[in-house]
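S.K.: No sequence on hand, only this structure:
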């Protein structure tokens, strides 16, 4: 429809109609099959307030960066340099700025060891907090940079699966979690010790996850300690969950103890102290 209107439009209006036509085409299809139209619109100008050349060059740049990032081996330094150049050269929309910061973070995460910074995710989110990608970015921040609900030390006899930190079991987010690299065995433990003892009414441990509902603790107990040394059983796990009612004294530590080995791996999604 827009292309048809362009055909009968005055020369000064052709660019506007072509832009409307190209905007409704998915970027991957546009860049693969409409190169002639892209070259045409990049040579067109309107009243001077809009540069279609910059708009579509930036689109090509972002798509090219995404393609390079998807390759098995990448030149991280070159990609970061090109991202910074795009941010400096083009007048980007909020969503484009967000995409470029996110691409920069993802690029730096490919280095060994990863050097992607939390600040880049903050910049990406702040650029367009209402975008379709904003919630994904918040999830990435929780995954890569979990924060403890309270100052504490966590330790486990269960070896974590690659990239899974114990901290994810006490970060206030049930969508992030700790998962072991192999099924837990009898007497395996997962312990949370608060830096400073505090009084709570209950201690609850959730295992499993909505995406992995079978990876729960089948047989286990929840133990508590008021001095960090002596632990007593306070609750048993039922359907992957255990809740202990506390006596009001300052709590120092909680410990999950496996009482019988199981065949499936274990996810500890969250320890909640209330």
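M.R.: Cool, got the structure. Remember, it's a predicted structure, so these values are computed and weren't measured experimentally. Numbering: from 1, shown residues only.
S.K.: pretty sure residue 25 is in contact with residue 34, am I right?
M.R.: Yes - when contacts are counted by Cβ atoms under 8 Å, residue 25 is listed as touching residue 34 (6.6 Å). Using the backbone N, CA and C atoms, a C-beta is placed for each residue, glycine as well.
S.K.: Just confirm residue 29 is within a helix.
M.R.: Yes - Residue 29 forms part of a helix when assessed by DSSP: H, G, I helix; E, B strand; the rest coil.
S.K.: mind checking pLDDT for it?
M.R.: Looking at residue 29, its pLDDT stands at 85.
S.K.: Buried residues, stretch 104-115. List them.
M.R.: For stretch 104-115, the buried set under the neighbour-count rule, 16 or more other Cβ atoms under 10 Å, comprises 104-109.
S.K.: and those residues, which two are the farthest apart?
M.R.: 104 and 109 (9.7 Å; Cβ to Cβ).
S.K.: who's in contact with the nearest residue to residue 147 once chain neighbours are set aside?
M.R.: Residue nearest to residue 147 in three dimensions, not counting chain neighbours: residue 171, with 5.7 Å by Cβ to Cβ, 6 or more residues apart in numbering. Contacts for residue 171 were tallied using Cβ atoms under 8 Å, 6 or more residues apart in numbering; they are 142, 146-149, 270.
S.K.: Helix, strand, or coil at the nearest residue to residue 172 once chain neighbours are set aside?
M.R.: Distances taken as Cβ to Cβ, 6+ apart place residue 149 nearest to residue 172, at 4.8 Å, with adjacent residues excluded. Following three-state DSSP, residue 149 is assigned to coil.
S.K.: Distance check, residue 149 against residue 195.
M.R.: Residue 149 is 12 Å from residue 195, where distance means Cβ to Cβ, to the nearest Å.
S.K.: and residue 262, how many neighbours?
M.R.: Residue 262: 17 surrounding residues under other Cβ atoms under 10 Å.
S.K.: hang on, it packs against residue 182?
M.R.: No - counting by Cβ under 8 Å, no contact exists between residue 262 and residue 182, whose distance comes to 10.6 Å.
S.K.: so where's the stretch 51-200 of the chain uncertain?
M.R.: Regions of the stretch 51-200 of the chain meeting the criterion pLDDT under 70 cover residues 163.
S.K.: Tell me who's in contact with the residue nearest to residue 172.
M.R.: Listed by Cβ under 8 Å, 6+ apart, the contact set of residue 149 reads 170-172, 273.
S.K.: Quick check: ChimeraX command selecting the buried ones in those.
M.R.: Restricted to buried positions by 16+ other Cβ under 10 Å, the ChimeraX selection for these reads:
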select :170,171,273
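S.K.: Which ones among the contacts of residue 149 map onto strands?
M.R.: Assigned to strands by DSSP state E, the following of these qualify: residue 273.
S.K.: Include distance to residue 229 when you put the contacts of residue 149 into CSV, please.
M.R.: Output for the contacts of residue 149, formatted as CSV (distance: Cβ to Cβ, whole Å):
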residue, distance to residue 229
170, 20
171, 26
172, 27
273, 19
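S.K.: Which member of the contacts of residue 149 is positioned nearest residue 212?
M.R.: The nearest member of these to residue 212, counting by Cβ to Cβ, is residue 171 at 17.6 Å.
S.K.: ok, which stretches of the stretch 51-200 of the chain are helices?
M.R.: Counting by DSSP state H, counting those that start in this stretch, one finds helices in the stretch 51-200 of the chain at the ranges 52-69, 76-89, 94-108, 118-127, 134-144.
S.K.: Need the winner for burial among those helices.
M.R.: helix 94-108 (a mean of 21; mean count of other Cβ atoms under 10 Å).
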